[in-house]
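Colleague: Predicted model and sequence below, questions to follow.
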Amino acid sequence: MLDINAVVRVHVDASTAARNDLRFCPTVERNAPVRKSAAMSAPNMPKVAGIDSTVPAPAHTVPPLDDLQAPPVVLIQDRLAGWVSDLTTLHELTERLTRTRSLADALDELLRAGAALVGARRGLAVLEPADGLGPVTTLGLGLAHADLGHLETVPRGVTSLGPLLDSSGAPAEHVAVPDLLADSALDPRHREVAARLGYGASYGVPLATDPGSNEAGEPTGAAPVKLGAAIWLYDEPAEPMERQRHLISLYARYAGEHLARLLELERARARVATIADELLPGRLPRVSGVQLAVCHRTGPRGGGDWYDALPLPEGALGLAVGSVSGSGPSAVAAMGRLRASLRAYAVMEGEDPVAVLSDLELLLRLTEPARTATALFAYAEPVRRKIVLAGAGHAPPLVVGDRRTEFVETSLSAPLGMLACWEAPSVELYPEPGETVLLYTDGLLRRTGEPMDRAYARLHAAAASVPRALRDDPAAVAGHVLRTVLPDLPPAGDPMEDIVLLAARFD
């Protein structure tokens, strides 16, 4: 909630507000109040941030009259219009910030909105939670990666970040440096970097969250919990006005609360992803006659997609992929139980994939009747280049080679836990030397956002387009297929669906 009482205290002098140059921000320009008379425009304005004293009076103002003074009601209306403009602008900017769903997007929106409010062109935001649990990151606005690297070479204690982040108590309310290069005590390295990047002033505010209240609903009085800081850079010596400082202070206060919520959410997601990764194989086994590689991405809610590769007696290899219904910690836990059970069944009767899945289905139906799962288990003999596989409601494997790229024809079957007695015939496959068999979960297909038939066609086209030079490396094959099917997937992104792509190349 916005601090309405604090907003009401915003005092906007009519002569200053008329020349406040925040028009590069669409929100600020749209909400700017219409001025009534040029008599309220100061003829000479001091040089401050966001103000250009050479800008002529707006064309819609009435020519000044020497002997006519504006009545008090006009001044009151003008100040009220300025207050409404500020309140509307602040509301729209905070609404845009609220729509962000990740820390990176929130920091970017914070920098852009703050630059509009204080009249700057560039800036940087540092996320560094005081509890030391991370994540720690720096994001720039109008600054390249190399520029951020130059700024990091300046000792933090001599920059605005020092009072905002490194103070033992509560952080400073703001740190303004109106004329950086005129400071005789400026650190030499700081002066060199400022000259290199071309900025002459800075203004920074802390990013913190209110520690809250006690059980009685009274403020605890504890110092705000520091999350980071935001600093905006001016090309020339400048400083924001009192009105701008008040607005950015209100905005930063709300931004701190929003960042705290996103931070807790991201930490929870990271914990779930870590648990999911720990429940999966730490490394793939080495079995003569076959090379293995895997691409695995966990969704933000922590899904139940899994894979496995385990060596079996007589040089055999068990390969499995599957997906548990649901998401979140419960699905991750169910995935771990299902995978552990399949490993036990595979060791005892792995040469019969149908028996392995039948036992797994019975266990799931008895212990977790409200949950379903898909699974595919393959018993591979690399020396004979033979695979026997069976699937329960799972997508068919894809064979990639120089002479063919085709899906394996498997029988249609229901997922585990949906029928009173599950059974489906197994399928035998004989890969040629140099061919790669791809096992995957349906998250790879759903992540495309297309109907399933088109998603399958897209996957087939991606596998067929693997360059010949890459086909000797299963990791390269899997990586090419993943990048081709999902070209917009970031290297460490957060897909909404879990993704598993297991590749097995036979020598």
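Modeller: In hand now; what should we look at?

Colleague: buried set for the helix or strand hosting Glu95?
Modeller: Using DSSP states H and E, Glu95 sits within helix 72-98. For helix 72-98, the neighbour count (16 or more other Cβ atoms under 10 Å) marks 78-79, 81-83, 85-90, 92-94, 97 as buried. In this view, the C-beta of every residue, glycine as well, is placed from N, C-alpha and C.

Colleague: which stretches of the chain have low pLDDT?
Modeller: 1-71, 211-223, 300-302, 420, 489-496 (pLDDT under 70).

Colleague: repeat that for 50
Modeller: 1-25, 28-29, 33-62, 65-66, 213-215, 217, 491-494 (pLDDT under 50).

Colleague: tell me, what residue is most central in it?
Modeller: Centroid-nearest residue in the chain, with Cα atoms, centre = their mean: Ser102, separated by 4.2 Å.

Colleague: Show me what the helix ranked longest in the chain packs onto, helices and strands only.
Modeller: Across the chain, the longest stretch assigned as helix under DSSP state H is helix 242-278. Judged by 3 or more Cβ pairs under 8 Å, 6 or more residues apart in numbering; DSSP states H and E, the packing partners of helix 242-278 are helix 4-8, helix 72-98, helix 103-118, strand 201-209, strand 225-234, helix 329-349.

Colleague: Let me have the ones you listed in a markdown table, extended by distance to Ala370.
Modeller: Converted to a markdown table, the helices and strands packed on helix 242-278 look like this (distance: least, Cβ to Cβ, whole Å):
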| stretch | distance to Ala370 |
| --- | --- |
| helix 4-8 | 48 |
| helix 72-98 | 35 |
| helix 103-118 | 35 |
| strand 201-209 | 38 |
| strand 225-234 | 40 |
| helix 329-349 | 10 |
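
Colleague: on that earlier part again, just the angle for the helix holding Glu95 relative to helix 242-278, thanks.
Modeller: 10 degrees (axes from the mean of the first three to the mean of the last three Cα atoms, to 10 degrees).

Colleague: Would you pull up how far helix 72-98 lies from the middle of the chain?
Modeller: 32 Å (Cα atoms, centre = their mean, to the nearest Å).

Colleague: list the helices and strands that helix packs on?
Modeller: Going by 3+ Cβ pairs under 8 Å, 6+ apart, helix 72-98 lies up against helix 4-8, helix 14-17, helix 26-30, helix 103-118, helix 242-278.

Colleague: Figure out which of the ones you listed is closest to Pro129.
Modeller: Smallest distance to Pro129 across the helices and strands packed on helix 72-98 (Cβ to Cβ): 6.5 Å, for helix 242-278.

Colleague: okay, now Leu412: neighbour count?
Modeller: 8 (other Cβ atoms under 10 Å).

Colleague: just Ala464 next, same as before
Modeller: Count around Ala464 with other Cβ under 10 Å applied: 14.

Colleague: Surely it touches Thr405?
Modeller: Yes: at 4.2 Å, Ala464 counts as touching Thr405 under the criterion of Cβ atoms under 8 Å.

Colleague: which stretches of the stretch 301-450 of the chain form helices?
Modeller: Listed in chain order, the helices of the stretch 301-450 of the chain (DSSP state H, counting those that start in this stretch) span 329-349, 353-367, 443-446.

Colleague: Please identify which of these is closest to Lys386.
Modeller: The nearest among those, by Cβ to Cβ, is helix 353-367 at 12.5 Å.

Colleague: May I see the buried residues of the closest one?
Modeller: So helix 353-367, judged by 16+ other Cβ under 10 Å, has buried residues 353-361, 363-365.

Colleague: Who are the packing partners of the longest strand seen in the chain?
Modeller: Longest strand in the chain by number of residues (criterion: DSSP state E): strand 316-327. Packing partners of strand 316-327 (3+ Cβ pairs under 8 Å, 6+ apart): strand 303-312, helix 329-349, strand 373-381, strand 436-440, strand 499-506.

Colleague: got the angle for it vs strand 373-381?
Modeller: 170 degrees.

Colleague: what's the distance between strand 316-327 and the middle of its chain?
Modeller: Worked out by Cα atoms, centre = their mean, strand 316-327 lies 27 Å from the chain centre.

Colleague: Next: stretch 434-443.
Modeller: Taking mean C-alpha positions (Cα atoms, centre = their mean), stretch 434-443 and its chain are 28 Å apart.

Colleague: can you pull the buried residues of it?
Modeller: 435-443.

Colleague: same deal with stretch 310-321?
Modeller: Those would be 310, 312, 316-321, for stretch 310-321 by 16+ other Cβ under 10 Å.

Colleague: Quick one: residues in contact with it.
Modeller: Residues from elsewhere that reach stretch 310-321 (Cβ atoms under 8 Å, 6 or more residues apart in numbering): 285, 287-290, 305-309, 339, 342-343, 346-347, 350-351, 375-383, 394, 439-441, 500, 502, 504.

Colleague: Are any of these buried, and if so which?
Modeller: 287, 289-290, 305-309, 339, 342-343, 346, 350-351, 375-382, 394, 439-441, 500, 502, 504.

Colleague: returning to what we had before: what helices or strands is the following helix or strand past the longest helix of the chain leaning on?
Modeller: The first helix or strand that comes after helix 242-278 along the chain, using DSSP H and E, is strand 290-297. Other elements packing on strand 290-297 under the criterion 3+ Cβ pairs under 8 Å, 6+ apart are strand 303-312, helix 474-485, strand 499-506.

Colleague: Looking at the buried residues of stretch 434-443, spot the one nearest Ala469.
Modeller: Using Cβ to Cβ, these come closest to Ala469 at Thr436, 13.9 Å.

Colleague: how much space between the closest one and Ala455?
Modeller: 20 Å (Cβ to Cβ, to the nearest Å).

Colleague: got it, and Ala478?
Modeller: 17 Å.

Colleague: Of those two, give the one with the bigger neighbour count.
Modeller: More crowded of Ala478 and Ala455, by other Cβ under 10 Å: Ala478, with 25 against 19.
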